[in-house]
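Peer 1: Using only what follows, build the 3D model:
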Amino acid sequence: MKKLLLIIAVFLFAANVQAQLRIGVKAGANFSKFTTNLDELKKSGTSWQVGLVPQFKIPLVGIGIQPELLYTVNKGNDNHIGYFNVPVNLRWQPLPLPLVKPIILVGPYFGYAVNFKGLNNIKDDINRFDWGIGLGAGVEIWRFQFEGRYSLGLQNLSAKDVVALQELKNKVFTLSVVYFFK
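Peer 2: Below is the predicted model:
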């Protein structure tokens, strides 16, 4: 009898967890700039991002976790670096309004560079791993989430033994929209 009650409890918990999970697709524009000593990379650029967004809501005062798997392009002048980024956001919905729900996002991101364009002379001198912190806000309307986010790279992407490239860090402001399927 105890085993049967335990099995029923596990199934009820699993059903509740599944009801709290949503999956969506994300697309947006990146307004990026590299912090660097090289003049050819200092100007900001506009590019894009696209990816998948699962969202898990914890049944507490509007708190949830929103990890993402994104392909993003960070651009400086005509040079850009394409990344697979994984932001892991703590999502807070401070006001449980019925139609327009404000949200706040904060958390770290981790990235791996997979594509370099226009950086032929220094691409071998760049560390492919990146990490930093992001802070964002937005609104959720029906199945859409509109957000703005600022991500500050904390990792120096320059290889330590390179004299020409002393510092290279990402700074990215993103405007994006997420559509949740459920």
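Peer 1: hey, let's count contacts and neighbours off CA atoms from now on
Peer 2: OK.
Peer 1: Quick check: which element contains residue 28?
Peer 2: Take DSSP states H and E as the rule and residue 28 turns out to sit in strand 21-36.
Peer 1: chain center to that strand, what's the gap?
Peer 2: A distance of 6 Å separates the centroid of the chain from that of strand 21-36, by Cα atoms, centre = their mean, to the nearest Å.
Peer 1: what comes into contact with it?
Peer 2: The contact list for strand 21-36 (Cα atoms under 8 Å, 6 or more residues apart in numbering) reads 41-57, 72-76, 165-182.
Peer 1: again, but for stretch 79-92
Peer 2: Under Cα under 8 Å, 6+ apart, the answer for stretch 79-92 is 41, 62-75, 103-119, 134.
Peer 1: rewinding a little: CA atoms only for the strand holding residue 28, dumped as CSV, please.
Peer 2: This file holds the C-alpha atoms of strand 21-36, laid out as CSV (Å, rounded to 0.1, in the frame of the first residue of the first chain):
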residue,chain,number,x,y,z
LEU,A,21,7.4,23.8,-18.1
ARG,A,22,7.1,25.9,-21.3
ILE,A,23,9.2,25.8,-24.4
GLY,A,24,9.6,28.6,-26.9
VAL,A,25,11.7,30.1,-29.7
LYS,A,26,13.6,33.3,-29.5
ALA,A,27,14.9,35.8,-32.0
GLY,A,28,16.3,39.3,-31.6
ALA,A,29,18.7,42.0,-32.5
ASN,A,30,22.1,42.4,-30.8
PHE,A,31,23.8,45.8,-30.4
SER,A,32,27.3,44.8,-29.4
LYS,A,33,30.6,46.3,-28.7
PHE,A,34,34.0,44.9,-27.9
THR,A,35,36.1,46.3,-25.1
THR,A,36,39.5,46.2,-26.7
